[in-house]
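Chemist: Dropping the sequence and predicted coords here.
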Amino acid sequence: MKITTRGRYAVMALVSLASSSRGNPVSLKGIASQEEIPEAYLQQLFVRLRRRNLVKSIRGPGGGFVLARHPSRITIGEIIRTAEGADRTIGCRRSGRKCGMIEKCKTQEMWDALESRMEEFLDSISIQDLFEGKVYEARREVGA
């Protein structure tokens, strides 16, 4: 799992949306302003997030976005995978890269294990956990 600005911004935006919305739609302009993320960038991200049923768009006056599910049911790993795309991996075997060294590479198992631990850790944290300060507890459960 590779985490770029796209993944970080998606997490920031959804945490901001969850904290601002309280069930009411929040505009991208409001999220962009609060998180200091370009609105045009958020528009692109929210297309992906909506397609994967992480957010819902509400049209009309007072419209905007709301979370599609309760914050406890949306994991940080799911947000990052949605934003980054499925091909964003660090382990060569899982990414399908062909360098000609995979069979004799002494580091490959480490990269694959690191990727698995990262995904496990990020999947153990929900948006709700961030609100409740439970990230440390999730780290301990994963063994970090």
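Modeler: That came through, no problem.

Chemist: Going by C-alpha atoms from here, please, whenever you check contacts or count neighbours.
Modeler: OK.

Chemist: can you map out the helices along this structure?
Modeler: Assigned by DSSP state H, the chain shows helices spanning 5-21, 28-35, 39-51, 76-84, 92-95, 108-123, 127-132, 135-142.

Chemist: Could you provide these in a markdown table, with additional columns for distance to Gly62, mean neighbour count and mean pLDDT?
Modeler: Shown next, in a markdown table, are those (distance: least, Cα to Cα, whole Å; neighbours: other Cα atoms under 10 Å; pLDDT from 0 to 100):
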| stretch | distance to Gly62 | mean neighbour count | mean pLDDT |
| --- | --- | --- | --- |
| helix 5-21 | 12 | 19 | 93 |
| helix 28-35 | 12 | 17 | 95 |
| helix 39-51 | 17 | 16 | 96 |
| helix 76-84 | 25 | 23 | 95 |
| helix 92-95 | 42 | 15 | 60 |
| helix 108-123 | 33 | 16 | 88 |
| helix 127-132 | 24 | 17 | 88 |
| helix 135-142 | 33 | 14 | 59 |
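
Chemist: Looking at these, spot the one closest to Leu67.
Modeler: Among the helices of the chain, the nearest to Leu67 by Cα to Cα is helix 5-21 (6.7 Å).

Chemist: Point out the other helices and strands that the closest one packs with.
Modeler: helix 28-35, helix 39-51, strand 64-67, helix 76-84, helix 127-132 (3 or more Cα pairs under 8 Å, 6 or more residues apart in numbering; DSSP states H and E).

Chemist: ok, now with 7 Å
Modeler: Judged by 3 or more Cα pairs under 7 Å, 6 or more residues apart in numbering; DSSP states H and E, helix 5-21 is in contact with helix 28-35, strand 64-67, helix 76-84.

Chemist: Any chance of TSV for these, columns distance to Ala13?
Modeler: Output for the helices and strands packed on helix 5-21, formatted as TSV (distance: least, Cα to Cα, whole Å):
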stretch	distance to Ala13
helix 28-35	6
strand 64-67	11
helix 76-84	10
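
Chemist: Between these, which one is closest to Ser20.
Modeler: With Cα to Cα as the criterion, Ser20 lies closest to helix 28-35 of the helices and strands packed on helix 5-21, at 8.5 Å.

Chemist: re earlier: closest one to Lys104 among the helices and strands packed on helix 5-21?
Modeler: Among the helices and strands packed on helix 5-21, helix 76-84 comes nearest to Lys104, with 29.2 Å by Cα to Cα.
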